[in-house]
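**Q** build the 3D model from these lines:
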Amino acid sequence: MDEQERDRIRSEFADAVNMTAGELKKWLGTKESRSVGDTGGDGESTGHRMGRTITTLLGAKTADLDDADLKQMRKVTGYVHRHLA
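**A** Down below sits the predicted model:
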């Protein structure tokens, strides 16, 4: 993946995620956040688990993001765009 693609993914992610890491962490601590979405065998919903991933991505330095992180950013951006359509 070239740097231009990496920049595009980071930019689209930043546009799609409208909360700071702190705001999202606070929301993830609420009962409401744990009561929505499909849950896996561990009792945590897919969306809640992804929310924890997003807080990590939001707190990461650009230079520390690897291809797996960028893949997750693309996934989040796609999800947001599908649900806004």
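**Q** okay, buried residues for stretch 7-16 please.
**A** Buried residues in stretch 7-16, counted by 16 or more other Cβ atoms under 10 Å: Ile9, Arg10, Glu12, Phe13, Ala16. All C-beta spots, glycine's among them, are computed from the backbone N, C-alpha and C.
**Q** how much space separates the last one from Ser35?
**A** Distance of Ala16 to Ser35, given as Cβ to Cβ, to the nearest Å: 23 Å.
**Q** again, but for the second one
**A** In this view, Arg10 and Ser35 are 31 Å apart by Cβ to Cβ.
**Q** where is the longest helix in this structure?
**A** If you go by DSSP state H, the chain has its longest helix at helix 67-84.
**Q** residues in contact with that one: which ones?
**A** 1, 6, 9-10, 12-13, 15-17, 50, 53-54, 57, 60, 65 (Cβ atoms under 8 Å, 6 or more residues apart in numbering).
**Q** looking at the residues you listed, which are in helices?
**A** Residues of these located in helices (DSSP H): Arg6, Ile9, Arg10, Glu12, Phe13, Asp15, Ala16, Met50, Thr53, Ile54, Leu57.
**Q** farthest-separated two in these?
**A** Farthest-apart pair in these is Arg6 and Met50; separation 20.4 Å (Cβ to Cβ).
**Q** just checking, Thr62 touches Asp7?
**A** No. Judged on Cβ atoms under 8 Å, Thr62 makes no contact with Asp7 at a distance of 9.1 Å.
**Q** quick one: buried residues of the worst-scoring helix or strand of the chain on mean pLDDT?
**A** The weakest-scoring helix or strand in the chain, judged by mean pLDDT, DSSP states H and E, is helix 31-34 (a mean of 84). The neighbour-count check on helix 31-34 (16+ other Cβ under 10 Å) flags Ser33 as buried.
**Q** fine, thanks again, bye for now.
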